[in-house]
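# quick one: sequence plus predicted model below, questions after.
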Amino acid sequence: MVTNYAGFPVIAAAAAQKGERAGIASGDTVSGDPTKMVWLDAQKRMENDTYDTREQACAIEPLVSIIIDIEKYAIAGGYTLDCEDETQKAKAEEWIDYTVRLLFTFRKAFEIVRKHGVSHMQKLYDDNKARLATETNGITHLQLLKDVKRYEDPFRETNYYYWQKLKVSSNWQDPTDTTTKDAVVWFLKDGEKNKEGFSTGSDTVINRDTIIEIVNNENRQASISLCLNAIFIKNQLLMGMPMIVRIVTTPGERYIYKLFLVDPSTGEKVWEAPIPPAASLNEIDPAAYAAKKADFEAFTAGVQSEINIIAKHRLGQGVVAMPETIKEEIVESSQALNPAMLDSMFSILNKTIAWALGFPISLIDASGVELATSRVIMDTIAPYLRGLQAQFRDLGTVLIKEQFPGMEFTFTLRELHPKDAKEVAEALKSNMESLEKARNIGYSDNDLRVMARTLNVTDTDLELGGLGTLKPEAISAAIAEGEIFFEET
């Protein structure tokens, strides 16, 4: 019996024998269990979860864009690189900021992860030259790849490859050429050396080791997939709102068709509309019955066509002319939209979308005493985002080590915030002192106003003879140090 450090028994796995068969790690299930009809009915109404529908959903739903922006800057807003060797640190920071643009690429990759569940990047090297272990690898760019699919050996999940098939421009250097062609790329272990058995043909084959994969969760499930229906239902409600308002609140129209006309001078009927024949006439005189029926049906069809034309012209032109046989009446609507119902519908949809992205909607629409500071918001959602941030942090560490072998450093990611409030206050205090000096040496009010806007130190516009309303952080900094660097007038 083998036990672990806590004394619990551990099942000792026997060493795999050569040629031993393995169980199936992936594949489609074959089940004869009946499925509830309510689920089948719901399936018919579900949006297809594809790359294009996820992109479309993100494009039409502003709430998704807001949440993803908040989250990506929460985990990859900035970085800290600690290294005792200042020369190496400077080179590494320059490489991070300008060569591979790590943070920019990480933020774009994060968007893809949230939309599609997984993001793939490819390491591109300078001239693709082979390098010695003691030389830098010369990574010049991290290239984001679109719609990469992963395929695994169903009996051995450690055997896998990546595959791409997309439509690309036939000639990207000619903007007038709109033709496209199919492009297929295989990312195989050891690249060209291992393509035997794969139907690569003339397709491009690349070494799988150059690919970096970041996943949203262990199942590679896209967060947007959980709220696709909610996004499209909300969009349908918004797009249909004008029609809903028109149907419910717009006055109705009633058309009355006269069945006869009378000569005002004589009081005699000059025209009378056909009437449906009695059923008994069909037994006495079938021919007369058929003729009267045909006249009545032609009359009703003509009336309907005439009314349709009037209604169409009124909707499109506003003013129409009608024959004296038709009388129009406006029927005012006695109904009204229920604001509480509409608010509840959109609230439910917004909560569904926000929770699918792991972000409480209250952090966005809170107000008054419920309005949380940015630091509290970060602390609230940090546990959910910590796993994703760890992937990007570890990736950054590996890339820096590959680029600068032997360098001792610590790489961390942080949210897009100043290190603390004191730095903000000190910066504002310094800027206000500059304004004070400018005023003392004779700067005009207009010059001071422009300077204040540039330094971003006032909450409101400057008034003549004064520097405007100071931001609270600047006032706090001055009070903390016992200095009054601005006197109100």
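Cool, the structure landed.

# switch to C-alpha atoms for all contacts and neighbour counts from now on
Noted.

# what about Trp355, which helix or strand?
Here Trp355 is covered by helix 339-356, with elements defined by DSSP states H and E.

# name the helices or strands packed onto that helix?
For helix 339-356, the packing partners by 3 or more C-alpha pairs under 8 Å, 6 or more residues apart in numbering; DSSP states H and E come out as helix 62-76, helix 228-249.

# list the buried residues in that helix.
Neighbour counts over helix 339-356 (16 or more other C-alpha atoms under 10 Å) mark Phe346, Leu349, Asn350, Lys351, Thr352, Ile353, Ala354, Ala356 as buried.

# ok, now stretch 74-92?
Under the neighbour-count criterion of 16+ other C-alpha under 10 Å, stretch 74-92 has Ala74, Ile75, Ala76, Gly77, Gly78, Tyr79, Cys83, Lys89, Ala92 buried.

# hmm, which of the residues you listed is lowest in pLDDT?
Least confident of the buried residues of stretch 74-92 in the model: Ala74, at 80.

# thought that residue was touching Glu415?
Yes. Under the criterion of C-alpha atoms under 8 Å, Ala74 makes contact with Glu415 at 4.1 Å.

# with only the CA atoms kept, save the helix holding Trp355 in PDB.
Taking only C-alpha atoms (Å, rounded to 0.1, in the frame of the first residue of the first chain), the coordinates of helix 339-356 have been written out as PDB:
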ATOM      1  CA  PRO A 339     -42.200  50.300 -18.200                       C
ATOM      2  CA  ALA A 340     -41.800  47.800 -15.400                       C
ATOM      3  CA  MET A 341     -42.100  44.900 -17.700                       C
ATOM      4  CA  LEU A 342     -39.600  46.300 -20.200                       C
ATOM      5  CA  ASP A 343     -37.200  47.100 -17.400                       C
ATOM      6  CA  SER A 344     -37.400  43.600 -16.000                       C
ATOM      7  CA  MET A 345     -36.900  42.000 -19.400                       C
ATOM      8  CA  PHE A 346     -33.700  44.000 -20.100                       C
ATOM      9  CA  SER A 347     -32.500  43.600 -16.500                       C
ATOM     10  CA  ILE A 348     -32.700  39.800 -16.800                       C
ATOM     11  CA  LEU A 349     -31.000  39.800 -20.100                       C
ATOM     12  CA  ASN A 350     -28.200  42.100 -18.900                       C
ATOM     13  CA  LYS A 351     -27.600  40.000 -15.800                       C
ATOM     14  CA  THR A 352     -27.500  36.800 -17.900                       C
ATOM     15  CA  ILE A 353     -24.800  38.400 -20.200                       C
ATOM     16  CA  ALA A 354     -22.800  39.800 -17.400                       C
ATOM     17  CA  TRP A 355     -22.800  36.600 -15.300                       C
ATOM     18  CA  ALA A 356     -21.800  34.600 -18.300                       C
END
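
# returning to what we had before: closest to Asn159 among the buried residues of helix 339-356?
Proximity of these to Asn159 was ranked by C-alpha to C-alpha; the top entry is Ala356 with 31.7 Å.

# thinking again about what came up before, return the member of the buried residues of stretch 74-92 nearest to Val184.
The closest of the buried residues of stretch 74-92 to Val184 turns out to be Ala76 (C-alpha to C-alpha; 31.9 Å).

# residues contacting that closest one?
Ala76 makes contact with Leu103, Phe106, Arg107, Gln389, Leu413, Arg414, Glu415, Leu416 under the criterion C-alpha atoms under 8 Å, 6 or more residues apart in numbering.

# what about the second one, how many residues nearby?
Applying other C-alpha atoms under 10 Å, we find 25 other residues in the vicinity of Phe106.

# would you mind splitting this structure into its domains for me?
Following automatic domain parsing, one finds the domains of the chain at 45-117+220-250+333-417, 138-215, 252-331, 421-480.

# what pLDDT does Phe198 get?
The per-residue pLDDT reported for Phe198 equals 89.

# for the stretch 101-250 of the chain, what spans make up the strands?
Counting by DSSP state E, counting those that start in this stretch, the stretch 101-250 of the chain has these strands, from start to end: 118-125, 139-145, 149-153, 156-169, 180-188, 204-207, 211-215.

# may I see these organised as TSV, with mean pLDDT added?
What follows is the strands of the stretch 101-250 of the chain, written out as TSV (pLDDT from 0 to 100):
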stretch	mean pLDDT
strand 118-125	89
strand 139-145	87
strand 149-153	91
strand 156-169	90
strand 180-188	91
strand 204-207	90
strand 211-215	90
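
# mind putting those in a markdown table, distance to Thr397 included?
Conversion of these to a markdown table gives the following (distance: least, C-alpha to C-alpha, whole Å):
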| stretch | distance to Thr397 |
| --- | --- |
| strand 118-125 | 14 |
| strand 139-145 | 14 |
| strand 149-153 | 25 |
| strand 156-169 | 24 |
| strand 180-188 | 24 |
| strand 204-207 | 22 |
| strand 211-215 | 13 |
